[in-house]
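Colleague: sequence plus predicted model, see below.
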Amino acid sequence: MINKKMVRSRIDPALWIFLLYLAGVGLLYRFSPVITGALILGLYLSMIIMVPARFIARIKFINERASLIISSVLVFALLVITIYQVFPIVIEEAGKLFRTLAEEDISISGIALQLPDSLREIIYDERLVKILNEQLSRIVTAFSTFGMKLLNTGIQNIPNAVTAFIVFIIAATYLTSLKPVFRDNLWRFFPSSTRGKSIRFVTSYYGSIKAFISGQLIIALVVGLIIGIGMSIAGIPYAVFLGFLAGITNFIPFFGVIITAIPAIFLGLANFGLFGLLRVAIVLILANQIESWVLSPKIQGDRMELNWFVILLGILLFGGLFGIIGVLFAVPIMVFIKNFWISYVQEAFRRM
């Protein structure tokens, strides 16, 4: 009996402390998802701010605090510009699109008339056109209904969105300035018996997250360039804006392109009809596939030492469990689970 107690006492108590902290965050998110989600997003943004701050700090006569302030101003300015630009464009183009859907008879026959005579004679079939017209009519109706529901949902959730955004900005600003304080007081969060190992674990994990965010910056830049250039070649209006939006939203792994798809689809449909939608779809699919199969596996897979399929699976799993927060933090969560398992769980198994 004594030997068993001695063996159990050698299990690092920090194992239970980490689990307790995670359970606390989970409970907070369960009972207050808006505020907790905003705080978590604020933490994420504060770490994004620190990436350019490190480069700014290398400039002569700029200390750490000044570099954080400059970086914060730049990042917040980008956010404000994005928000200021995206809503007017979406509202204007959505209104134009819905007016077009209401006033014009969109059909396969009308699309066929735009084709060259020689090609139309080859592929035109009255029975097939009738079937396709019926399906297209259903799609247009469903799209219009979805647009109205989306608009109503957005209006209903404006109060929660405003609250979350305010908390998000305050949290990001405060947590950015709090980094030195947290670093100096990290030892207070762990038992003294294994404090050194706990601090090394947190420091190593924090380094992994910095590497992850740096990788996301590279991916966001490349995806933004692909979409901006692609939309410009396709003749879609506001191509530079769409590339900029894609870069900003691409901090949400794999799904940032989907967010950009909303204004892009409105722009394509409102200006060029179904052929515009096809152009937009080609550019977005190309960007998404390059990110999914080339950029993320190569950059993030190598940096995080995680298989690309595991990354994709984790994003889908945590996205299903926690929504947008789960998608955003899927890779950091998986890295934590991997490191925690190696450092604490496997160590505990060896001592049982």
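Modeller: Nice, thanks for sending it over. Residues are numbered from 1 along each chain as shown.
Colleague: what ranges does the stretch 201-350 of the chain have for its strands?
Modeller: Assigned by DSSP state E, counting those that start in this stretch, the strands in the stretch 201-350 of the chain number zero.
Colleague: show me where it has its helices.
Modeller: Assignment of helices within the stretch 201-350 of the chain using DSSP state H, counting those that start in this stretch yields the ranges 239-249, 256-290, 301-304, 308-322, 324-328, 330-340, 346-351.
Colleague: and the first one, C-alpha only, in CSV?
Modeller: Coordinates of the C-alpha atoms in helix 239-249 are reproduced here as CSV (Å, rounded to 0.1, in the frame of the first residue of the first chain):
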residue,chain,number,x,y,z
ALA,A,239,-10.3,42.5,-56.9
VAL,A,240,-7.7,44.2,-54.7
PHE,A,241,-10.2,44.4,-51.8
LEU,A,242,-11.1,40.7,-52.2
GLY,A,243,-7.4,39.8,-52.0
PHE,A,244,-7.0,42.0,-49.0
LEU,A,245,-10.0,40.4,-47.3
ALA,A,246,-8.8,36.9,-48.1
GLY,A,247,-5.5,37.7,-46.5
ILE,A,248,-7.1,39.1,-43.3
THR,A,249,-9.6,36.2,-42.9
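Colleague: in it, what counts as buried?
Modeller: Using 16 or more other Cβ atoms under 10 Å as the test for burial, helix 239-249 gives A239, F241, L242, G243, F244, L245, A246, G247, I248, T249. The way it works is simple: take the backbone N, C-alpha and C, and place the C-beta from them, glycine included.
Colleague: same question for the fourth one.
Modeller: Neighbour counts using 16+ other Cβ under 10 Å place W308, I311, L312, G314, I315, F318, G319, F322 of helix 308-322 among the buried residues.
Colleague: and which of those is nearest F212?
Modeller: Nearest to F212 out of those is I311 (Cβ to Cβ; 10.4 Å).
Colleague: so that closest one touches D302, yeah?
Modeller: No: the pair I311 / D302 is not scored as a contact, 11.2 Å apart, by Cβ atoms under 8 Å.
Colleague: tell me which helix or strand in the chain has the weakest average pLDDT.
Modeller: None of the helices or strands of the chain scores lower by mean pLDDT, DSSP states H and E than helix 2-9, at a mean of 49.
Colleague: from the contact counts, what lies against the helix or strand just after that helix?
Modeller: The helix or strand immediately downstream of helix 2-9 is helix 14-31, counting by DSSP states H and E. Packing contacts for helix 14-31, counted by 3 or more Cβ pairs under 8 Å, 6 or more residues apart in numbering; DSSP states H and E, involve helix 33-56, helix 195-234.
Colleague: buried ones in helix 14-31, by neighbour count?
Modeller: Under the neighbour-count criterion of 16+ other Cβ under 10 Å, helix 14-31 has A14, L15, I17, F18, Y29 buried.
Colleague: list just the nearest of those to N185.
Modeller: I17 (15.3 Å).
Colleague: check contacts around that closest one.
Modeller: F189, F190, P191, S198 (Cβ atoms under 8 Å, 6 or more residues apart in numbering).
Colleague: and for S198?
Modeller: Counting by Cβ under 8 Å, 6+ apart, S198 has contacts A14, I17, F189, F190, P191.
Colleague: mind doing that once more with 10 Å?
Modeller: With Cβ atoms under 10 Å, 6 or more residues apart in numbering as the criterion, the residues that contact S198 are 12-15, 17-18, 186-187, 189-192, 343-344.
Colleague: buried subset of those as a ChimeraX selection?
Modeller: Selection of buried members from the contacts of S198 for ChimeraX, criterion 16+ other Cβ under 10 Å:
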select :12,14,15,17,18,190,343,344
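Colleague: tell me the one of the contacts of S198 nearest L221?
Modeller: L186 (32.1 Å).
Colleague: any idea how far the residue nearest to the closest one when sequence neighbours are not counted lies from P332?
Modeller: Nearest residue to L186, sequence neighbours excluded (Cβ to Cβ, 6 or more residues apart in numbering): I199, at 5.7 Å. Separation of I199 from P332 (Cβ to Cβ, to the nearest Å) stands at 19 Å.
Colleague: swap in I11?
Modeller: For I11, the distance to P332 equals 26 Å [Cβ to Cβ].
Colleague: same thing with G224?
Modeller: For G224 relative to P332 (Cβ to Cβ), the value is 22 Å.
Colleague: how about L267?
Modeller: In terms of Cβ to Cβ, L267 sits 33 Å off from P332.
Colleague: go on, F251?
Modeller: Distance from F251 to P332, by Cβ to Cβ: 12 Å.
Colleague: any common contacting residues for those two?
Modeller: By Cβ under 10 Å, 6+ apart, the residues touching both F251 and P332 are Y44, I213.
Colleague: so L22 sits against F336, correct?
Modeller: Yes: counting by Cβ atoms under 10 Å, L22 touches F336, with 8.5 Å between them.
Colleague: hmm, who's touching stretch 306-314?
Modeller: By Cβ under 10 Å, 6+ apart, the list of residues contacting stretch 306-314 reads 253-254, 292-294, 296-298, 300-302, 304, 326-327, 329-331, 333-335, 337-338.
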